[in-house]
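Undergrad: I'll drop the sequence and a predicted model, then ask my questions.
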Amino acid sequence: MTDDKRINQMREQLPEPTLRRLPWYLAYVRLLLDAGVEYVSSTQIAKEINVDASMIAKDLSFLNIKGKTRIGYEVASLVHELQDFLGFKVGHNAVMIGVGSLGGALIHDSGLANYGLRIVAGFDIRHDVVGTTLCGIPIYDISELDQRLATLNAEIGVIAVPIDHAQEVSDLLVKAGIKALWNFTPFRITAPQDVVIQNTSIYAQLAVMYNRMGKQM
Ligand SMILES: NC(=O)c1ccc[n+]([C@@H]2O[C@H](COP(=O)([O-])OP(=O)(O)OC[C@H]3O[C@@H](n4cnc5c(N)ncnc54)[C@H](O)[C@@H]3O)[C@@H](O)[C@H]2O)c1
């Protein structure tokens, strides 16, 4: 079986909680790599990031890497495998819809490139931003979305518009052939089944934090 086929097959079997934990491991083992550490055990990772060691070993069993008894995993290989498996090594082109305070901040975030996300253009309706560039990225009028997407080779639409425009811009993106929507608005957008939707909200996490704080008081 080819490497690509094997990775795709393992990705399909992967439970979502595992997929959410793997980037935590990656962030930690990247620190070890930068510090020149050669090997790390699942027990060591467990201690540092507060996840059960057996769960880490199980999560890592989805990857094409074996730990050595009593030594653990080779750090450089683990970083490589995790990045590969999570799709962070492939550049995914994305367009930013809404270049206000959040959209602008995301365009400024050079860290996204480490996770395989390359924002190639922004779209807005504001005259003061349309026609300008931000971090070298051109900002176009939203009315040009169809025409610009034809040449941008982007598969992801990042949505950072006011809540009452969320569905409208999602529909435009889907119509223009976008495969995935990363929605930062608090609106639960809908799209055809073959379009991947990922909702991200720092506000939703606040509710959980307040609730837990209340229980401690
Ligand atoms: N997920 C999170 O953690 C998080 C954090 C902050 C804000 N938000 C949400 O992100 C969204 C943006 O917040 P913000 O603070 O950046 O707002 P903002 O007002 O600063 O920016 C919104 C931008 O969208 C543009 N816009 C409006 N209608 C548009 C359209 N039809 N097409 C293209 N662009 C359009 C506006 O001109 C503006 O530049 C809001 O829905 C907000 O609730 C989410």
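TA: Thanks, I have it.
Undergrad: backbone phi and psi for the residue of the chain found nearest the ligand, please?
TA: Closest to the ligand within the chain is residue 100: 1.7 Å, counting by CB to the nearest ligand atom. In this view, the C-beta of every residue, glycine as well, is placed from N, C-alpha and C. When read as degrees, to the nearest 10, the backbone of residue 100 gives phi -100, psi -140.
Undergrad: domain ranges for the chain?
TA: If you go by automatic domain parsing, the domain ranges for the chain are 3-85, 92-204.
Undergrad: which ones are touching the residue of the chain closest to the ligand?
TA: Neighbouring residues of residue 100 by CB atoms under 8 Å, 6 or more residues apart in numbering: 124, 126, 160-161.
Undergrad: repeat that for residue 113.
TA: residue 91.
Undergrad: circling back to that earlier point, distance check, the residue of the chain closest to the ligand against residue 90.
TA: According to CB to CB, to the nearest Å, residue 100 and residue 90 sit 29 Å apart.
Undergrad: okay, stretch 16-23 in CSV with CA atoms only?
TA: Extracted in CSV, the C-alpha atoms of stretch 16-23 (Å, rounded to 0.1, in the frame of the first residue of the first chain):
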residue,chain,number,x,y,z
GLU,A,16,-12.5,13.1,16.6
PRO,A,17,-11.3,13.4,20.2
THR,A,18,-8.0,11.9,19.1
LEU,A,19,-7.8,14.3,16.2
ARG,A,20,-8.3,17.2,18.7
ARG,A,21,-5.6,15.9,21.0
LEU,A,22,-2.9,15.3,18.4
PRO,A,23,-2.1,19.0,17.9
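Undergrad: now do the buried residues in it.
TA: For stretch 16-23, the neighbour count (16 or more other CB atoms under 10 Å) marks 21-22 as buried.
Undergrad: and for stretch 124-139?
TA: 124, 129-130, 134, 137, 139.
Undergrad: next, the residue nearest in space to the middle of the chain: phi, psi?
TA: With distances taken as CA atoms, centre = their mean, residue 115 lies nearest the centre of the chain, 6.4 Å away. Phi and psi for residue 115, reported as degrees, to the nearest 10, are phi -110, psi 20.
Undergrad: for it, which non-adjacent residue is closest in space?
TA: Distances taken as CB to CB, 6 or more residues apart in numbering place residue 88 nearest to residue 115, at 5.0 Å, with adjacent residues excluded.
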